[in-house]
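Asker: Give me a model of this one.
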Amino acid sequence: MEKIMDFDGFSLYKEFEKLVQTIFESNGFTTEIPSKDKGYDFLATIDNTFAYVEVKLYKSKLPKLDLLRQAYRRLLSQKDNENTKLILVVSSYVTPSLKEEIFKESGVIIWDAKTLFALAFDFSTIYYDLESILIRAFNGQLDDLIIVDTNYKSTIIPSLKNASTNIKQKKTDDKGEKLCLELNTLNPGRPDAAIFEDKCTEILKYLFDNNSDLTLWELQPTTDDGLHRFDLLCRIISSHQNTFWTELAHDFHTRYVLFEFKNYTEEIKQGQIYTTEKYLFLTALRSVSFIIARNGADDNAVKAAKGALKETGKLIVILTVKDICEMLKLKDKGDEPSIILRAKIDEMLIKLTR
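Answerer: Predicted coordinates:
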């Protein structure tokens, strides 16, 4: 089975993380990357102030609150010294009031896009590199994010040094990890098929039921002629934000997304692809389907999915349980689980031939 590109394989995320570290160093910090995974990206030190720094690149100008919450709570779980500050750096814009709320709840200091542009303002190359990365991430212009308030700029590092909190380390519940374990404990085959469907639906709701991705969650709807029944139908939430789902809706002219769950003991075959293809209609704004197949698909099924895309413009993406667990892991860390879906679709489109 081909290995999908993992989170660290996306150059834009790594570029952003490295640039953030450079911004810190240009402003007088010394930085150190931990020798092993510590739950944060690097340690930053300036004068007598120490901070654990976690960096998140999001694809929209406003962050999804569920991901932001996961990220700052996870960072708090790494606090092993009461004198250490916690800084969560995000590519999106976070309002001052929300930053204050987060600090009161967790003691985590949020540095957003406006903070980064302010800290990069005196370093032209870094400033323009930051602008370039965020334009690519958001797939659009940055508008007032790049406007630097010099009064605010002068307060950033002093505010960090003066920030104090009595909030202690709190462990996260890692719901995604538990859901992955529960999914893997189910037996492949017909006896656990209904439980597999229910668990997959629960997982998808954890990943994407957040007021900005998917809604409706119609279980086992039947077509008008009564001939076809599919497992789950969702509607994409319309948003001005450049999210994965709004991109998908635009690129494939769809409003609805179909999910099919296959708890088979073996790889699914092309017959399952052809069946799913019958459920998809461009005129009904239903042209995209994700098949969660426990053990993936054989070569003929993959070819059939590519054929549906090439010949009729219908997108059928095959996901394994391993893929789902990778998405759950990303969500637990406060990263975008749609990273995996983007990689799958990019792979299909890039390798598509006539």
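Asker: Every contact and neighbour count from this point should use C-alpha atoms.
Answerer: Fine.
Asker: Now do the helix or strand where L341 lies: which elements does it pack against?
Answerer: Per DSSP states H and E, L341 falls inside helix 338-351. On a contact count with 3 or more CA pairs under 8 Å, 6 or more residues apart in numbering; DSSP states H and E, helix 338-351 meets helix 321-333.
Asker: buried ones in the helix it packs on?
Answerer: V321, D323, I324, C325, E326, M327, L328, K329, L330, K331, D332, K333 (16 or more other CA atoms under 10 Å).
Asker: hang on, isn't the first one packed against I291?
Answerer: So that's V321. No - V321 sits out of contact with I291 when judged by CA atoms under 8 Å, with a separation of 10.7 Å.
Asker: In contact with M327, which residues?
Answerer: Residues near M327 by CA atoms under 8 Å, 6 or more residues apart in numbering: L207, E336, P337, S338, I339, I340.
Asker: Repeat the analysis, applying 6 Å as the threshold.
Answerer: Contact analysis of M327 by CA atoms under 6 Å, 6 or more residues apart in numbering lists P337.
Asker: where's it relative to G176, distance?
Answerer: Distance of M327 to G176, given as CA to CA, to the nearest Å: 8 Å.
Asker: what do you get for Q141?
Answerer: Using CA to CA, Q141 is found at 34 Å from G176.
Asker: what sits up against stretch 73-90?
Answerer: 50-57, 108-112, 169-171.
Asker: Apologies, that question was intended for stretch 310-320.
Answerer: Applying CA under 6 Å, 6+ apart, the contact partners of stretch 310-320 are 287-296, 305, 308-309.
Asker: Okay, buried residues for it please.
Answerer: Buried residues in stretch 310-320 (16+ other CA under 10 Å): G313, K314, L315, I316, V317, I318, L319, T320.
Asker: and if you look at stretch 154-169?
Answerer: Neighbour counts over stretch 154-169 (16+ other CA under 10 Å) mark L160, Q169 as buried.
Asker: Mind jotting down where the strands sit in this structure?
Answerer: Counting by DSSP state E, one finds strands in the chain at the ranges 30-32, 42-46, 49-56, 85-90, 108-111, 214-219, 232-236, 256-262, 288-293, 315-319.
Asker: These into TSV, with extra columns for mean pLDDT?
Answerer: Below are these laid out as TSV (pLDDT from 0 to 100):
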stretch	mean pLDDT
strand 30-32	98
strand 42-46	98
strand 49-56	98
strand 85-90	98
strand 108-111	98
strand 214-219	94
strand 232-236	96
strand 256-262	97
strand 288-293	98
strand 315-319	98
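Asker: And Q141 and G176? Which one has more around it.
Answerer: Of the pair Q141 and G176, G176 is the one with more neighbours under other CA atoms under 10 Å, namely 22 against 14.
Asker: What separation do you get for the nearest residue in space to that one that is not next to it in sequence and S132?
Answerer: Ranked by CA to CA, 6 or more residues apart in numbering and with sequence neighbours excluded, the top spatial neighbour of G176 is L328, at 4.6 Å. With distances taken as CA to CA, L328 is found 29 Å from S132.
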